[in-house]
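**Q** Structure for this input, please:
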Amino acid sequence: MTLAISIFGLLIFSCVENSKKEEKEIKAENIMTELKKYNLPEYFKKLQEKELLFLKENVFYGLPSGIPNKKNQYYFSKTDFEIVLSRVENLNIGIDFIDIYKNGKIVSSEFPEDYHLKSNDPKWYKSSFKKRSNNATDLRFNAVFGLPDDLLDKILNN
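**A** Numbers count the residues shown, from 1 in each chain. Below you'll find the model as predicted:
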């Protein structure tokens, strides 16, 4: 009798677990169906374009060395990158990483984690810039910027 009750209990438990699994699968399928209604690759492409336009108009403007390559990545001289850093700080824009180039070849990459700081903390990118740009005039700088949510909202709603 105890064995029958145990087996019966296991069957009920198994059915409940399968039911939960099916329910989760149905929910996941519904979510995917809903997401397919939105063209996410197109959305992110437009967002990237708007972010780049914002950066051009608010950070990169008037800097003669800020010439984009084919991938719309901007490389700046030491002098111009210092201006970029100042503008980024004023707008509370984060910098996800900085690449430093010499003679067209990357010589270093710097990350906020290297300084135990967040991407929008100017201490990290100012320290990195100071450390890497001392006594070097032929360096070029490239960065990946992270716009804060309030700026992204503003960009998306325009």
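**Q** Grab the nearest non-local neighbour of F129.
**A** L85 (6.1 Å; CB to CB, 6 or more residues apart in numbering). Backbone N, C-alpha and C define where each C-beta goes, glycine included.
**Q** Check K118 too.
**A** P112 (5.9 Å).
**Q** In this structure F60 contacts Y74, no?
**A** Yes - contact status for F60 versus Y74: in contact at 6.0 Å, counting by CB atoms under 8 Å.
**Q** So I83 belongs to a helix, correct?
**A** Yes - under DSSP: H, G, I helix; E, B strand; the rest coil, I83 sits within a helix.
**Q** From F141, how far off is it?
**A** According to CB to CB, to the nearest Å, I83 and F141 sit 11 Å apart.
**Q** These two: which is more packed in?
**A** F141 (25 against 18; other CB atoms under 10 Å).
**Q** so the more buried one touches T79, yeah?
**A** No - with contact defined as CB under 8 Å, F141 does not count as touching T79 (10.3 Å).
**Q** Return the residues in contact with the residue nearest to F129.
**A** I95, P122, Y125, K126, F129 (CB atoms under 8 Å, 6 or more residues apart in numbering).
**Q** and what of D138?
**A** K102, N103 are the contacts of D138 under CB under 8 Å, 6+ apart.
**Q** For K126, what are phi and psi?
**A** K126 adopts backbone torsions of phi -70, psi -40, taken as degrees, to the nearest 10.
**Q** count of residues packed around it?
**A** For K126, using other CB under 10 Å, the count is 15.
**Q** Give me the distance between the closest residue to it other than its chain neighbours and G104.
**A** Spatial nearest neighbour of K126, chain neighbours left out: L85 (6.5 Å); criterion: CB to CB, 6+ apart. Counting by CB to CB, the separation of L85 from G104 is 22 Å.
**Q** Mind telling me what element A143 is part of?
**A** strand 139-146 (DSSP states H and E).
**Q** Return the set of buried residues in the next helix or strand after that strand.
**A** Scanning forward in sequence from strand 139-146 by DSSP H and E, the next helix or strand is helix 149-156. Neighbour-count burial for helix 149-156 flags L151 (criterion: 16 or more other CB atoms under 10 Å).
**Q** which other helices and strands contact helix 149-156?
**A** Counting contacts by 3 or more CB pairs under 8 Å, 6 or more residues apart in numbering; DSSP states H and E, helix 149-156 packs against helix 40-58.
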